[in-house]
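In: quick one, fold the following:
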Amino acid sequence: MFDAKDKVIVFIDGSNLYHLLKASFSRTNMDLEKFCHKLVGGNGKLIRVYYYNAIVSKKLEPERYRDQQNFYASVEAIPYFELRLGHLVYNGWPQSRPYEKGTDVMLATDMVAHAFRNNYDTAILVASDSDYVGAIQVVKDVGKNIEVVLIGEDDNNSSMPLRKAADDIIMADATFLQDCWQENSNG
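Out: All right, here's what the predicted structure looks like:
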C-alpha cells in the first residue's frame, strides 16, 4: 500500500473491466470516477487515469458504435481521465466476434513510459491477464510500485502470473464496489 505523498496513476483495460463486471455482477454501470477515487482513497494523490479500449466499426455496428461514443464522451468528461483507443479487427464478421488490436500494448507502453518519466510512485492496474507481466516487471525494476485490481468475488478471474508480479492486490468484490455504481441505471 502506498502513502499519502505518493503520486498514483490508474491504468484501466476497459474491455477487460467491462467483461469482468458483466460476468461477476451482471451489470456494467460503474461510476469510473468514484471507482478510481476509491482505489486511491486518502492514501495518495491521483495524478491521472488512463482508460484503454477499442473503437467498434461505425459501418458494421452502428448502434453499438453510437452507444460506445456516448460512453467515451462521458469518460472524457471526467477530470484527469484520458481515453486511449485501439481498434477492433472484424475477420469473419458477423460469424466471429471482432478482437482488439493495440490496446494492451498501448497500456503497457504508457505504464512503462510514465514510470521512466517519474510521473508516478505507484501504478494501479485494472486488468486480469498475463499480457501485462513484462511491463509490471519493468515498472518494478525502475523502482515503482504496482498494485493490481481483481474484479469479482474471487481471484480466479485473473492470471496467476499477473497476481504474482504485482506488489499488492486490491480485491474489487461486491463490498468494495457497493458505492461505485451509477445511481440512475442498473447496467
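
In: could you list the low-confidence segments of this protein?
Out: For the chain, the stretches with pLDDT under 70 are 1-2, 154-158, 184-187.

In: can you show me the strands along the chain?
Out: Using DSSP state E, the strands of the chain run over 7-13, 45-55, 81-89, 99-101, 122-126, 145-151, 168-172.

In: which of those sits closest to A115?
Out: strand 122-126 (7.0 Å; CB to CB). Yep, even glycine has a C-beta here, placed from its N, CA and C like the rest.

In: hang on, the earlier thing: most tightly surrounded among the strands of the chain?
Out: Relative to the other members of the strands of the chain, strand 122-126 carries the highest mean neighbour count by mean count of other CB atoms under 10 Å, namely a mean of 25.

In: orientation of that strand relative to strand 45-55 in degrees?
Out: Relative orientation of strand 122-126 versus strand 45-55 (axes from the mean of the first three to the mean of the last three CA atoms, to 10 degrees): 30 degrees.

In: and the contacts of strand 122-126?
Out: With contact meaning CB atoms under 8 Å, 6 or more residues apart in numbering, strand 122-126 is reached by 2, 6-13, 16-17, 39-40, 44, 111, 114-115, 132, 136, 139, 144-149, 151, 166, 170.
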